[in-house]
Structure formats: structure tokens, C-alpha cells
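Novice: curious how this folds, go ahead:
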Amino acid sequence: MNVLIYGGCHAEVIRRSLEKYALGEHKFQKIVNFSLIASRVSFPYDILKNIDLVVFNPIHNKGEWNTLHLEEYCFVNGVRLIKYPWLQWGGYWPHAAQRRWGDVKEWSIPLIRKESEKYESISENYCSIFNEGVISQAASGWLDKTTQFLRDAEKRGSVDISIVDWVYGRYKEKRLFQTPDHPCTELYKYVIGNIASAAGLTLDKSFFHISAELQPGVMTPILPNVASALHLNFTGGEWRHDEIWGDSELTLRDFVDSHFRKSPLLLGKAIVKTVRKDILGKRAIVPAGKKFLLEKMPNNSVRHHHLCNIRLADGGAQQSLLYKPHWAYFEPEF
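Specialist: Below you'll find the model as predicted:
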């Protein structure tokens, strides 16, 4: 069977998993929808002449790239279709929204930033996420809203693979999303298992015993007071984004502190190979491209956030934000 997976970042996970675990002789291809749209390239309908099945998520608001046109073509030309929803559900993150670090987007919780205006210190703001407050009180209402949004999207797209009831029935027991639009492996196993079943494919049983994340590299922390308000049976304080931090894993505290309005943290990136120096004068090489979460100091220098004995250096002198031949700095843009 020749199968085309057409979708966003989820499409590659689906393609890779089917290619690895589907038994028998099959060919799996993928086209990334947002790449076509961004480059203003029309969908390549000619390739469908050699395709038996198209697996895709519906698009309704992109004109020429709306998937209604793809459905019409496939209906006329006898190509099978399986539709799954865009895999986004934000129930763990009340009023989540995207922000930028330089040219890279990531998910944030603007309510943390708004609530931070109440606190004089970054530590007070951090401590607030362990207690009931505005954010945790918003959790239940937001859970209902994001669930209804997913339900409406599935209905509008007339999807063949529905996830909304499955997610709503299990979100407390196991973490199902790493970020609002990056599912955990548990959800991917459900979606891909159902796609395979609908397609008439048999997956090797080992697929359902995967524990590692099928889509690694990003993780938005779940706030402790939100986890408590939603009665979750797990915690999730890791903060990761491979496009921003590389392979570094930051903490829940780093994530919360990055929202503090009165003293924004910086993303520092080494433009060329340089050095860092601790207060005892010990130097370490920092490779070009290495990134750090930094604090801006009153004297206009910078230091590693929460690592007060480390400072960034250029030839032994503490690096000034006013003169930065070796470092690039980005404040988060909400």
C-alpha cells in the first residue's frame, strides 16, 4: 500500500511510526502542510496517481490549501481518505499562548506574567504557583473551553479518528500532551493505532509498548497549583525546547521566572566560540551556538540565571550588554 501522510509536525511522527511498525510491504510518504502554505506552493495533486490512501488533518481557513479541495479530488479519483484532527488540546495550561525568543515560538502562560505584577520579587512570584490563585481558579473553565474547541474542530472536519472523548476521559491519569500542540506518546499510540486499523494495516505489537516520547524536544511545564486544581495523578515540571535551548532541560522555576514582568530574563547565544568564567577565575570554553538563560544585572552585565557564581566573559572581562561582539541577547516577546 502507498500511503501519503499530509499534515503539520504530527505528520512526520505518524509517517515514521507506520514505516517502522506496520507489518508487510508498504510505502509511507509525508507532505508538511504549513511548508506548502508558507511557500505558496499548491498541493501536488499529480503524486496522488500513485497513492492508495491519504491520511490528513482538515484545514478550513487557508483558501487554496483548504483540504476540502483535496477531499473532492480524492473522491472523484477513487483515493481513500482517513481524517484525524489537528492534535491540540490545552487543558493543562490555562489560557496558554505563544511567545517568541528571537525568531522561535514557544508556548507560555500569559496569566503568570499578568499575575507577576502583584509581586515585588521574582521569588515571590515563583512561590505563588504552589498556592491557589487566579491561575489555578481558571483551570477548570479553561479545561472545558479547550475541550469544546477540540470537539467543535472534530465535528467541523468530520474526522474519522476522534480523540476528544478519549482525551477527556484520561487526562488526569497520564500526561497526554507535552505542549498544547505536541502530544505525548500515549496519545500518539491511540491515534496511530486507530489510523492503522482504519487503513487495514497491522502494527507490530511492540509499538504499543513504547515508553519514550515519539516527538521529543519540547515540554511545557504544568504548574503545581493547576495540577492540584485538576486533580492530576502526575506532575510535570520539565521545560524543554530544542530550537531555543538545544539539549538543555530547564526547570519549572526557570519557566515561571521567564514570565516575570519587572525583570525579564534573556536568552543569550554565543555567536562565536568564547569563554565563561566563574568568580574564582576558572575559565571554560563555550562553543558557538550555545544558549543560556540569563539575568540582566543592575550594572548592565549578565549572569546565568540561578547560577550566581557564573558569569559570561569575553577575554576575562564580564560581558556588557552594551558591547556584545560574542553574544546575542533576546528578551521573550509575549
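Novice: C-alpha only now, for contacts and for neighbours.
Specialist: OK.
Novice: return the set of buried residues in whichever helix or strand E72 is part of.
Specialist: If you go by DSSP states H and E, E72 is part of helix 67-77. Of all the residues in helix 67-77, those buried under the rule 16 or more other C-alpha atoms under 10 Å are T67, L70, E71, C74.
Novice: could I get those residues as CSV with pLDDT and distance to H231?
Specialist: Listed next are the buried residues of helix 67-77 as CSV, based on pLDDT from 0 to 100; distance: C-alpha to C-alpha, whole Å:
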residue, pLDDT, distance to H231
T67, 96, 38
L70, 97, 42
E71, 97, 41
C74, 96, 45
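Novice: returning to what we had before: next secondary structure after the helix holding E72?
Specialist: Helix 67-77 is succeeded, C-terminally, by strand 80-83 (DSSP H and E).
Novice: show me what that following strand is in contact with.
Specialist: Contact with strand 80-83 is made by 52-58, 71, 74, 157-161, 195, 198-199, as judged by C-alpha atoms under 8 Å, 6 or more residues apart in numbering.
Novice: can you select the buried ones from these in PyMOL?
Specialist: Selection of buried members from the contacts of strand 80-83 for PyMOL, criterion 16+ other C-alpha under 10 Å:
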select buried, resi 52+53+54+55+56+57+58+71+74+157+159+160+161+195+199
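Novice: mind checking which of the contacts of strand 80-83 are in helices?
Specialist: E71, C74, G157, I195, A198, A199 (DSSP state H).
Novice: distance of the closest residue in space to the fifth one that isn't next to it in sequence relative to S197?
Specialist: Just to be clear, that refers to A198. Leaving aside its sequence neighbours, A198 sits nearest to I82 (C-alpha to C-alpha, 6 or more residues apart in numbering; 7.5 Å). Relative to S197, I82 is positioned 11 Å away (C-alpha to C-alpha, to the nearest Å).
Novice: more neighbours: which of these two?
Specialist: Neighbour count, other C-alpha atoms under 10 Å: between I82 and S197, I82 has more, with 17 against 12.
Novice: so, low pLDDT: which residues of the chain?
Specialist: 274-282, 284, 296-330 (pLDDT under 70).
Novice: domain map for it?
Specialist: What automatic domain parsing lists as the domains of the chain is 2-83+181-218, 264-333.
Novice: okay if I get the ones you listed as TSV plus distance to L143?
Specialist: Below are the domains of the chain laid out as TSV (distance: least, C-alpha to C-alpha, whole Å):
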stretch	distance to L143
domain 2-83+181-218	15
domain 264-333	25
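Novice: of the ones you listed, which is nearest Q137?
Specialist: Of all those, domain 2-83+181-218 sits nearest to Q137, with 22.8 Å by C-alpha to C-alpha.
Novice: first to last residue in the closest one, what's the distance?
Specialist: 31 Å.
Novice: repeat for stretch 259-266
Specialist: 11 Å.
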